[in-house]
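Chemist: Whatever this is, show me its structure:
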Amino acid sequence: MLINDCRPGIDATFQEIIKKRIKCKVNVCIQILFYKINISDGTVDKEDRGYMSVDAITFNPATDDVGNLLEEARIDLDEKIDTYTNRGSNWVVGAIEQLILSLVAFK
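Modeler: Next up is the predicted model:
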């Protein structure tokens, strides 16, 4: 949902990249607020903020689609969140607080 909320800014950025035909590597990172839940009464015992990111993805404006790139990043991040929360530690996602999109141009 956060990616959708940030989509106008992301699209504007990639429109510039496509217009100037810049090849770049894209790194997507999120800041997550986790809650550790006490299973006996359902209260929050602890809060923790963490970061998760995907490996840098090469974006070529001549051949790649922004929508596919973002979907690939979302799927990868969802898998990482599921892996973290399903380890039996009673951590759940409280909120995804920040989306960080880093771009590095190359020739």
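
Chemist: bridging residues for the closest residue to V104 other than its chain neighbours?
Modeler: Excluding the flanking residues, the one nearest V104 by CB to CB, 6 or more residues apart in numbering is K25, at 4.8 Å. Any C-beta I mention is one placed from the backbone N, CA and C, and that applies to glycine too. Per DSSP bridges, the residues bridged to K25 are T58, V104.

Chemist: quick thing: my sequence starts at 53, can you match it?
Modeler: In the new count, where the first residue is 53, that last one comes out as K77.

Chemist: surely K77 meets D107?
Modeler: No. Counting by CB atoms under 8 Å, K77 does not reach D107; the two are 9.5 Å apart.

Chemist: Can you show me the helices along the protein?
Modeler: For the chain, the helices defined by DSSP state H cover 54-72, 118-137.

Chemist: ranking the ones you listed by burial, who's on top?
Modeler: helix 118-137 (a mean of 15; mean count of other CB atoms under 10 Å).

Chemist: Not counting that helix itself, show me its contacts.
Modeler: When contacts are defined by CB atoms under 8 Å, 6 or more residues apart in numbering, helix 118-137 is touched by residues 55, 62-63, 66, 78, 80, 82, 84, 86, 102, 104-107, 109, 111, 143-145.
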